[in-house]
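> give the three-dimensional model of this entry:
(2 chains)
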Protein chains: 2
Amino acid sequence: MNFPPKVTVKEVGPRDGLQNESAFVSLDAKVEWINMLSETGVSYIEVSSFVRPEWIPQLKDATEVAKRIKRHPGVTYAALVPNQRGLERALEVDVDEVCVFISASETHNLKNVNKTIADTIPIMEKVAEDARKSNKRIRGYISTVFGCPYEGETSIDQVLFICDKLLEMGVEELSIGDTIGIADPLQVENVTKSLLSHFSSDRLAMHFHDTRGTALANVLTAMNLGIAKFDSAVGGLGGCPYAKGASGNLATEDLLYMLHRMGIHTGIDTEKVREAATYIAKHVPELSSHQMKLLNS
Amino acid sequence: MNFPPKVTVKEVGPRDGLQNESAFVSLDAKVEWINMLSETGVSYIEVSSFVRPEWIPQLKDATEVAKRIKRHPGVTYAALVPNQRGLERALEVDVDEVCVFISASETHNLKNVNKTIADTIPIMEKVAEDARKSNKRIRGYISTVFGCPYEGETSIDQVLFICDKLLEMGVEELSIGDTIGIADPLQVENVTKSLLSHFSSDRLAMHFHDTRGTALANVLTAMNLGIAKFDSAVGGLGGCPYAKGASGNLATEDLLYMLHRMGIHTGIDTEKVREAATYIAKHVPELSSHQMKLLNS
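Coordinates of the predicted model:
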């Protein structure tokens, strides 16, 4: 197999992790935790989401979080933005990067944002246009690429259509999401090959969940095809909204264990990531990270 | 990547799983559970260990287990045998296959059987000789191939030396063990390539633990090189004797999830495996299997 010498790990714990945990983490704790993450060597942290606070109460303090964290030079601080109002809030606190999101499956998108895919795209276009005017980089999350909890299979043509739309509106990087952690390596190989036949690998990041234990096998498969950017969440935060008690996001420290042992450079200090995981474990019990279970053994 | 169309999954839960769980599972429950496993379509079950009962009290009822289980045609019922006395006990109850074991690292072997590797080999040779006389197939476990909790790295030359010794004494299949779940895919690639340059793939099974979440990535890597036999334990039983609370053996149902979704045939009914996992979960709490966490969500 062939692997890239260097991989970029994008930390999504403060957003995708916390948004799916029932525990509310206080503003102070979030700020202290994100400051710890900033010291790990990670180059990207998604700090919160500027959706309506009623939608995701766990992240209702997005503005305060973005204001109070200490910005580390070399770290991109990003936030999720669903619409124009969210963008305004994100721009007020000057996030470095704006993340838009959409599902590849119609039903999941409807349940998530109460809009069809066709109605969501123009909203994203306007957000992207305004974000670009403010000189913000834009990242695009595509959910349910490998399967949908409502519809089952997702068509690759639908995924490619959405990728095209997002890149056309100025999105610079696509995060290809296995939202329910259902993907297997053969599927990842097929989807990644399709994506790479249309888009350059530097446009693509993979976002795997470890719900069924396949996350690292899926990372391996994507890396073997040239993908060198992966999302993960400290502690394996995030669970699965469709399966209470199941494993969540791929844990950053589990990803780092595999990458570093394979000699793949990330620039991230695993020990410091474990410290950040230990910190958040005081606020969110039952982390699914393998490394944390080992550390606590 | 290239994958075999068919993989043989060897169920080691009743032995390698239970031996590292602190809970004692009653004889009745073991028998009922193994009978359930026999109905899953699996072709191999390691039912117990004929070590001295003081060594592994969890498996002190090996004789009664082997006597009382209902033997399913097409299933090989195997048991671990440390020495001549263990072999006699195993032959008395007519197990189908005898498993000998040794560590690739000197310190682990010493701690495990209180003997050096040099002193262990002649004992295995005698066991193997007598097992062959009784027309029993012999399987050989090699522990700590990918790393030792006491010595760290394991030399591949030492592994190859032990493989040679075992095959010379009539062992028909080698189970290459990542006893502490430390292996990464690059290491698995290197070790597997070394093994395959000396031995035919049908002589080799890989035995991964999911202690650090890499088990399925390691399976994938070995499959890509042509390995088509893997050990696993229902429920992910077994924990890690060196790290309390950590994940144990690769869970059979997690392995099946990945294989079946990739279109790889095993002949095993995942639903029946989940039922067997649900049964044993009543006796051994905190299973590390991803599939079981999903099922219980």
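> from here on, contacts and neighbour counts on C-alpha atoms
OK.
> need the residues of the stretch 101-250 of chain A near chain B, please.
Residues of the stretch 101-250 of chain A that fall close to chain B, judged by C-alpha under 8 Å from any C-alpha of the partner chain: A:184-187, A:211-214, A:216-218, A:220, A:243-247.
> try it again with 7 Å
A:184, A:186, A:211-214, A:216-217, A:220, A:243-246 (C-alpha under 7 Å from any C-alpha of the partner chain).
> ok, and the most crowded of those?
Most neighbours among those, by other C-alpha atoms under 10 Å in any protein chain shown: A:Gly213, with 31 neighbours.
> ok, now which ones touch that residue?
A:Gly213 makes contact with B:Asp254, B:His290 under the criterion C-alpha atoms under 7 Å, 6 or more residues apart in numbering or on different chains.
> again, only using 10 Å
Contacts for A:Gly213 were tallied using C-alpha atoms under 10 Å, 6 or more residues apart in numbering or on different chains; they are A:181-184, A:247-248, A:250, B:210, B:213-217, B:250-251, B:254-255, B:257-258, B:289-291.
> got it, and A:Ser38?
A:11, A:32, A:44-45, A:69-77, A:272-273, A:276.
> how are the helices of chain A distributed by residue range?
Assigned by DSSP state H, the helices in chain A fall at A:27-38, A:62-68, A:84-92, A:106-113, A:117-133, A:156-168, A:185-198, A:215-224, A:252-261, A:270-281, A:290-295.
> and among the ones you listed, the most buried is which?
helix A:215-224 (a mean of 25; mean count of other C-alpha atoms under 10 Å in any protein chain shown).
> is any residue of stretch A:1-10 near chain B?
Yes - if you take C-alpha under 10 Å from any C-alpha of the partner chain as the test, stretch A:1-10 does meet chain B, through A:Met1, A:Asn2, A:Phe3.
> any chance of those in a markdown table, plus pLDDT, neighbour count and distance to B:Glu64?
Formatted as a markdown table, the residues of stretch A:1-10 next to chain B follow (pLDDT from 0 to 100; neighbours: other C-alpha atoms under 10 Å in any protein chain shown; distance: C-alpha to C-alpha, whole Å):
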| residue | pLDDT | neighbour count | distance to B:Glu64 |
| --- | --- | --- | --- |
| A:Met1 | 89 | 14 | 47 |
| A:Asn2 | 93 | 11 | 50 |
| A:Phe3 | 95 | 20 | 50 |
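> mind putting these into JSON lines with distance to B:Ser200?
Formatted as JSON lines, the residues of stretch A:1-10 next to chain B follow (distance: C-alpha to C-alpha, whole Å):
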{"residue": "A:Met1", "distance to B:Ser200": "21"}
{"residue": "A:Asn2", "distance to B:Ser200": "24"}
{"residue": "A:Phe3", "distance to B:Ser200": "27"}
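> which one among those residues gets closest to chain B?
A:Met1 (8.1 Å; C-alpha to the nearest C-alpha).
> do I have it right that that closest one meets A:Leu225?
Yes - with contact defined as C-alpha atoms under 10 Å, A:Met1 reaches A:Leu225; the gap is 8.9 Å.
> spit out the residues that contact these two alike.
Counting by C-alpha under 10 Å, 6+ apart, the residues touching both A:Met1 and A:Leu225 are B:Met1.
> ok, and the most crowded of the contacts of A:Ser38?
Most neighbours among the contacts of A:Ser38, by other C-alpha under 10 Å: A:Glu11, with 26 neighbours.
> wait, A:Glu97 touches A:Ala66, no?
No - with contact defined as C-alpha under 10 Å, A:Glu97 does not count as touching A:Ala66 (11.9 Å).
> between these two, what contacts are shared?
Counting by C-alpha under 10 Å, 6+ apart, the residues touching both A:Glu97 and A:Ala66 are A:Tyr77, A:Ala78, A:Ala79, A:Ala90.
> now, these that are in strands?
A:Tyr77, A:Ala78, A:Ala79 (DSSP state E).
> hmm, back to that, restrict the contacts of A:Ser38 to those near chain B?
Among those, no residue is within reach of chain B (C-alpha under 10 Å from any C-alpha).
> looking at these, which is nearest B:Leu59?
Nearest to B:Leu59 among the contacts of A:Ser38: A:Val273, at 39.7 Å, using C-alpha to C-alpha.
> got the contact list for the closest one?
A:Val273 makes contact with A:36-42, A:234-235, A:252-253, A:256, A:279 under the criterion C-alpha under 10 Å, 6+ apart.
> pLDDT added to the residues you listed, as CSV?
Formatted as CSV, the contacts of A:Val273 follow (pLDDT from 0 to 100):
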residue, pLDDT
A:Met36, 98
A:Leu37, 98
A:Ser38, 98
A:Glu39, 98
A:Thr40, 98
A:Gly41, 98
A:Val42, 98
A:Val234, 97
A:Gly235, 95
A:Thr252, 97
A:Glu253, 97
A:Leu256, 98
A:Tyr279, 96
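> which of these lies closest to chain B?
The shortest approach to chain B among the contacts of A:Val273 belongs to A:Glu253, at 9.6 Å (C-alpha to the nearest C-alpha).
> for A:Gly263, see how far away that closest one is.
Counting by C-alpha to C-alpha, to the nearest Å, the gap between A:Glu253 and A:Gly263 amounts to 15 Å.
> what does A:Ala277 give?
For A:Ala277 relative to A:Gly263 (C-alpha to C-alpha), the value is 23 Å.
> and if you look at A:Ser200?
Taking C-alpha to C-alpha as the measure, A:Ser200 falls 24 Å from A:Gly263.
> A:Asp94 now?
36 Å.
> more neighbours, the two?
Neighbour totals were compared for A:Asp94 and A:Gly263, and A:Asp94 leads with 17 against 13 (other C-alpha under 10 Å).
> who touches that one in this structure?
Contacts for A:Asp94 (C-alpha under 10 Å, 6+ apart) come out as A:Thr63, A:Ala66, A:Lys67, A:Tyr77, A:Ala78, A:Glu88, A:Ser134, A:Lys136.
> with distance to A:Glu172 and pLDDT added, can I get those in JSON lines?
Output for these, formatted as JSON lines (distance: C-alpha to C-alpha, whole Å; pLDDT from 0 to 100):
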{"residue": "A:Thr63", "distance to A:Glu172": "24", "pLDDT": "98"}
{"residue": "A:Ala66", "distance to A:Glu172": "22", "pLDDT": "98"}
{"residue": "A:Lys67", "distance to A:Glu172": "25", "pLDDT": "98"}
{"residue": "A:Tyr77", "distance to A:Glu172": "15", "pLDDT": "98"}
{"residue": "A:Ala78", "distance to A:Glu172": "13", "pLDDT": "98"}
{"residue": "A:Glu88", "distance to A:Glu172": "20", "pLDDT": "98"}
{"residue": "A:Ser134", "distance to A:Glu172": "15", "pLDDT": "97"}
{"residue": "A:Lys136", "distance to A:Glu172": "10", "pLDDT": "98"}
